[in-house]
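J.: Mind folding the following:
(chains A, B, C and D)
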2 protein chains.
Amino acid sequence: MMNSEFDEMYQIVKEDKELLGNRIEAQLIRYIQEEPITVGEKIPNEFELAEKFGVGRSTIREAVKGLVSKGMLEVRRGSGTYVISSYPAEEDPLGLGRYDDKYQLALELFDVRLMIEPEIAAYAAMNATEEDVVELRRLCDEVEEIYRSGENHVRKDIELHTAIAHCSKNRVVEVLVPLIDSAVHTFANVTHRELMEETIETHRAVVEAIENHDQVGARCAMVMHLTYNRQMIKRMLEQGNSEN
Amino acid sequence: MMNSEFDEMYQIVKEDKELLGNRIEAQLIRYIQEEPITVGEKIPNEFELAEKFGVGRSTIREAVKGLVSKGMLEVRRGSGTYVISSYPAEEDPLGLGRYDDKYQLALELFDVRLMIEPEIAAYAAMNATEEDVVELRRLCDEVEEIYRSGENHVRKDIELHTAIAHCSKNRVVEVLVPLIDSAVHTFANVTHRELMEETIETHRAVVEAIENHDQVGARCAMVMHLTYNRQMIKRMLEQGNSEN
DNA sequence: TGTGGATAAAACGTCTGACGTATGTTAAGA
DNA sequence: TCTTAACATACGTCAGACGTTTTATCCACA
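T.: Below is the predicted model:
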């Protein structure tokens, strides 16, 4: 048989209870990214994929359909299925992947955060309940804990900012904040010791101001938090750029 | 035969070149909204739908899958397929359909617009090129024209606000603004003569300030525009509410 | 009478094979 | 050389079978 090394790598083992189609979808992402099949190229046809992954053609079609709706693939009937983005929509919910100057994009993302998140913090200071504050404190601790353990804290960081948005009692920003912040995660994912120490500190300052219903304080703390982050990221990305 | 009146209404005629699955998806939306099948209820099973729409089960599954990824349906294996939002993601890109108090939601949407759009207008005043301004003027005219003709101007209105976002030269807000504003369209779609007259006027004030690179002026004009709109919509929705 | 487990029914998930239709390519003919 | 017809490729749709999960039913047993 051909593809034996492929089989070992990608052939699925049916034991999970997660739906097959979804697992194949994840495998397909991995396959495209590892191969790699770059933007504009076409992936193997449905029969080949079915054979490679050891599943039926309908399952492949499910997976492909999923990635089409996530903006990663495009189907041209009679011709083939093509890669149109390197990321599925979960990692890039705003569809920013089509821009290639990640550096500028990162700064623009922070400009947007600076537009809304200080205001959100002020709303939060106005509307947060006691339970909300408990939750915020817990998240602050978790972010710090994860950071100290050396793991990636970004997911938790987004959770914290989303929780602050939740405190604002405006459900629209509660949707918006994770969208924007996870885009930051994708396009400006830098970590740095000094940055983290400062982040943990300003996080607590924001939460404290919210707890005291100090709107101006919350707004200012958030501005500081984001400004410092923006500055550091700008510096680090400039270094990264100059190395090219 | 049963369902004859149904057949007349929903049975598809195979003549278009649009893919069957996509057409069925649209039919399914219409069916759910007209029936109506409200949030939380389940839709008929796949076999019934296949028979009703006169297509194969795989086609129904394609359509359902599409609406799942658009956040309108949820499939519970072994149980059925349920409506979780009254709108597909195109009309409700932020997934706000799961909330049922449209009134409060509309106000929250305007609060968010008030957070970002004045700031965007200020950025636009700073960065707009001459061609940008020409485009803005053109859109102002078009909005007015469409309004005078009695047609629905909201699409064009969103275009104008998106164009202003484009002038800011921040590509993130250029993505964000149409998301938010089309949600406004879905959840707070009110028209009113007085509102429109004022809207057309303040639109021009914003554009004029942008043209003059008057950041403060642009910000203020946008605040006025949105505040007035929020106020009117609040009043009209309160009337609507009290009639219940 | 009440409860727990076995059983059946309902509904989605996946596989297979066949045929339809759009697209692209190639080769023959004018 | 250009056009056109045939052919190959690849996705689209259908039909039927069987598996798995969830939910409802019902009966036995305490």
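J.: what number of residues lie near the residue lying closest to A:L19 once chain neighbours are set aside?
T.: In space, and not counting its chain neighbours, A:L19 is closest to B:R77: 7.7 Å by C-beta to C-beta, 6 or more residues apart in numbering or on different chains. No exception for glycine: its C-beta is placed from N, CA and C like everyone else's. The local packing of B:R77 (other C-beta atoms under 10 Å in any protein chain shown) involves 8 other residues.
J.: Which helix runs longest in chain A?
T.: helix A:215-242 (DSSP state H).
J.: Residue ranges of each domain in chain A, please.
T.: A:4-83, A:96-242 (automatic domain parsing).
J.: who in chain A is up against DNA strand D?
T.: A:17, A:42-43, A:45-47, A:58, A:61, A:75-81 (C-beta under 7 Å from any atom of the strand).
J.: Out of those, the closest to B:K102 would be?
T.: The nearest member of the residues of chain A next to DNA strand D to B:K102, counting by C-beta to C-beta, is A:V75 at 36.0 Å.
J.: separation between A:K65 and B:M232?
T.: 43 Å (C-beta to C-beta, to the nearest Å).
J.: how about the closest residue to A:L195 other than its chain neighbours, what does it touch?
T.: Nearest in space to A:L195, with sequence neighbours left out and distances taken as C-beta to C-beta, 6+ apart, is A:M232 at 4.7 Å. By C-beta atoms under 8 Å, 6 or more residues apart in numbering or on different chains, the contact set of A:M232 is A:190, A:192, A:194-195.
J.: Poorly predicted segments of chain A, please.
T.: Residues of chain A meeting the criterion pLDDT under 70: A:1-17, A:240-244.
J.: 50 - rerun?
T.: A:1-16, A:243-244 (pLDDT under 50).
J.: Chain neighbours aside, what residue packs nearest to the one residue in chain A that gets nearest to chain B?
T.: Residue of chain A nearest chain B, by C-beta to the nearest C-beta: A:S69 (4.0 Å). The shortest distance from A:S69 to any non-neighbouring residue, by C-beta to C-beta, 6+ apart, is to B:S69 (4.0 Å).
J.: Just give me the neighbour total for the one you found.
T.: Neighbour tally, B:S69, other C-beta under 10 Å: 17.
J.: was I right about it contacting A:E62?
T.: No - if you go by C-beta atoms under 8 Å, B:S69 and A:E62 don't touch, sitting 11.0 Å apart.
J.: helices or strands up against the host helix or strand of A:D141?
T.: Element membership of A:D141, judged by DSSP states H and E, is helix A:130-148. Here helix A:130-148 touches helix A:154-167, helix A:193-211, going by 3 or more C-beta pairs under 8 Å, 6 or more residues apart in numbering or on different chains; DSSP states H and E.
J.: So which of those is nearest DNA strand C?
T.: With C-beta to the nearest atom of the strand, the closest approach to DNA strand C among those belongs to helix A:154-167: 26.8 Å.
J.: Buried residues in that closest one, which are they?
T.: For helix A:154-167, burial by neighbour count (16 or more other C-beta atoms under 10 Å in any protein chain shown) applies to A:154, A:156-167.
J.: And that helix, what does it pack against?
T.: helix A:102-127, helix A:130-148, helix A:171-187, helix A:193-211.
J.: which residue packs closest to A:N212, ignoring adjacent ones?
T.: Per C-beta to C-beta, 6+ apart, closest to A:N212 is A:A125, 7.5 Å.
J.: OK, contacts around that neighbour?
T.: Counted by C-beta under 8 Å, 6+ apart, A:A125 has contacts A:209-210, A:212-215, A:217-219.
J.: In chain A, which residue sits nearest DNA strand D?
T.: A:N45 (3.2 Å).
J.: From DNA strand C, how far out is that residue?
T.: As judged by C-beta to the nearest atom of the strand, to the nearest Å, A:N45 and DNA strand C stand 11 Å apart.
J.: Determine the number of other residues adjacent to the closest residue to that residue other than its chain neighbours.
T.: Spatial nearest neighbour of A:N45, chain neighbours left out: A:G80 (6.5 Å); criterion: C-beta to C-beta, 6+ apart. Neighbour count of A:G80, defined by other C-beta under 10 Å: 14.
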